[in-house]
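Enquirer: sequence and predicted model, in that order:
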Amino acid sequence: MEALVLEPDLKLNIRDLDPAESLGPRDVRIKLHTVGVCGSDVHYYTHGRIGPFVVNDPMILGHEAAGTVVEVGGEVDTLTVGDRVCMEPGIPDANSKASRLGMYNLDPAVKFWATPPIHGVLRGEVIHPADYTFKLPDNVSFAEGAMVEPVAVGMHAANKAQIKPGDIALVTGAGPIGMVTALAALAGGCSEVIMTDVVQPKLDLAAKLGPITAINVAEADLMTVVKEKTDGWGVDKIFECSGSPKVAATIFEPLCPGGTVVWVGMPVDDTPFDVVGAQVKEARIETIFRYAHVYDRAIKLMGSGKLDVKPLITDTFAFADSIEAFDFCVKMPPTSVKAQIEMPQ
Ligand code: ZN
């Protein structure tokens with residue numbers, strides 16, 4: 001079948017590649033409809049590796065996906081042919097210690113789409129476990145379904161933060177993950193979110209997503225805004241989504257005593273932080289790696305209208321133009337958030 005393949009020389013080709021997959025009793029076959037382009041897909045294209053994961057063999061890209069069930073295994077009773085679905089891209093070993101402890105996202109043996117050597121889903125069809133395949137309500141589109149994957153990151157961060165109704169959150173970094181984290185924080189009970197970045201068009205978009213105060217920290221003083229919004233107390237939760245060591249260096253300053261910082265962004269460079277700054281506030285520090293147990297909840301929030309990702313889907317390409325789509329994402333204009341690719345139906 002035709003697929004978007006990243007070759008070991010980091011050239012992209014649309015060509016035939018059939019991953020060896022067979023339908024097991026608890027699997028479903030899904031015809032792909034929409035696949036989002038993620039920062040990690042783009043990073044493999046530009047750098048050929050992320051940490052220890054290196055593109056040594058041709059690999060199909062794409063892991064943010066929605067489609068239609070076209071075949072079900074004999075033991076599947078939760079899905080039927082014709083169901084519109086989205087899929088969790090990581091398949092853990094169900095019997096691993098991490099999975100048995102409920103932390104299946106941390107299973108070292110997890111097979112995650114478009115992470116070498118596992119193929120992604122920019123292709124016609126994929127076989128996937130029914131347990132990691134989620135039905136979409138009629139009012140959630142394929143495009144929104146393909147956004148559940150990034151939203152799941154924000155949802156997991158919101159869970160780790162243990163938001164209380166009425167909390168004020170600060171989200172540092174207005175990239176796609178910062179945006180979905182702000183939406184998850186609001187859906188999770190925050191009364192308002194302060195968002196920071198240094199790129200004005202991203203902040204302009206963020207400010208339209210809900211009760212979000214978008215601060216350009218190249219021009220305005222964050223602490224002045226935080227003091228004004230919180231009567232000098234500090235924000236309850238901070239979600240670090242910039243991956244910037246400079247932001248990390250002062251991350252505890254806007255935090256209230258007893259508040260929580262969740263590290264969401266993955267810094268490329270060494271990132272020291274101020275331990276004493278955290279101690280004097282008895283800050284709780286949390287980290288996340290991908291997500292677990294949040295897909296069904298993200299879909300419910302989208303279906304109920306409490307979490308709207310539609311403004312984040314800024315650019316849509318046909319599969320035939322998917323190389324162009326990746327080149328667009330390498331030089332993503334600041335007015336764009338998420339590019340998606342629609343597969344031929
Ligand atoms: Zn992604």
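Expert: Received, thanks.

Enquirer: what sits closest to Leu205 if chain neighbours are left out?
Expert: Excluding its sequence neighbours, the residue lying closest to Leu205 (Cβ to Cβ, 6 or more residues apart in numbering) is Val337, at 6.6 Å. All C-beta atoms are positioned from the backbone trio N, CA, C, and that covers glycine.

Enquirer: up against the ion, what does the chain have?
Expert: 38, 64 (Cβ under 5 Å from the ion).

Enquirer: domains in the chain, by residue range?
Expert: 2-147+309-342, 154-287 (automatic domain parsing).

Enquirer: same list, those domains, but as TSV with mean pLDDT please.
Expert: Output for the domains of the chain, formatted as TSV (pLDDT from 0 to 100):
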stretch	mean pLDDT
domain 2-147+309-342	97
domain 154-287	97
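
Enquirer: same list (the ones you listed) but as a markdown table, adding mean neighbour count and distance to Arg297.
Expert: What follows is the domains of the chain, written out as a markdown table (neighbours: other Cβ atoms under 10 Å; distance: least, Cβ to Cβ, whole Å):
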| stretch | mean neighbour count | distance to Arg297 |
| --- | --- | --- |
| domain 2-147+309-342 | 18 | 10 |
| domain 154-287 | 19 | 6 |
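
Enquirer: for the residue in the chain positioned nearest to the ion, give its distance to Ile288.
Expert: Nearest residue of the chain to the ion, counting by Cβ to the ion: Cys38, 3.1 Å away. As judged by Cβ to Cβ, to the nearest Å, Cys38 and Ile288 stand 16 Å apart.

Enquirer: please apply the same query to Gly39.
Expert: From Gly39 to Ile288 the distance is 15 Å (Cβ to Cβ).

Enquirer: all helices for the stretch 201-345 of the chain, in order.
Expert: Counting by DSSP state H, counting those that start in this stretch, the stretch 201-345 of the chain has helices at residues 222-229, 245-249, 275-279, 295-304, 322-330.

Enquirer: nearest to Pro211, of the ones you listed?
Expert: helix 222-229 (10.9 Å; Cβ to Cβ).
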